[in-house]
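**Student:** what would the 3D arrangement of this be:
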Amino acid sequence: MTTETHAEEPSKKEEELKPLFDAARRVLLAGIGVVALAQDEIEEFVTRMVERGEIAERDGKKLVREVVDKRKQYRQQAEEEITRRIEKALDRMNIPSKADLDALSEKITALSKKIDELKKTKA
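**Tutor:** Have a look, this model is predicted:
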């Protein structure tokens, strides 16, 4: 009976996390769409300015490059912040991280080897 309870627990946790991940996914997809749209708009705007002679083509390319670089920097910062917040939420819910699971896996492997060695010595 306890085995059934343990088998049900991960599905409950998955159900609890699903809204969090769905919301994060929607926010990220919306952000990607906004960024792509903004970059297109900026490139169009700069192209119009170059065509009107308001800025030199060289300056226009430089401006677009600066905007793209800033966008990359912002995206990286946003990814780091989202990762930090998700990890914090998972920690509050007492869900082990990948590093925790990897460490446990290493310990299990080491213990299994020791058990095998002990069996060989007794045999």
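
**Student:** strands along the chain, start to end?
**Tutor:** Ranges of strands within the chain: none, based on DSSP state E.

**Student:** just for it, where's the confidence low?
**Tutor:** 1-18, 20-21, 24-25, 28-37 (pLDDT under 70).

**Student:** would you mind measuring from the one residue sitting closest to the centre of it to residue 90?
**Tutor:** For the chain, the residue nearest the mean C-alpha position is residue 83 (5.2 Å; C-alpha atoms, centre = their mean). Distance of residue 83 to residue 90, given as C-beta to C-beta, to the nearest Å: 11 Å. C-beta here means a position set from N, CA and C on the backbone, and glycine is covered the same way.

**Student:** next one: residue 81
**Tutor:** For residue 81 relative to residue 90 (C-beta to C-beta), the value is 15 Å.

**Student:** how is this structure divided into domains?
**Tutor:** 2-92, 98-123 (automatic domain parsing).

**Student:** appreciated, that's everything.
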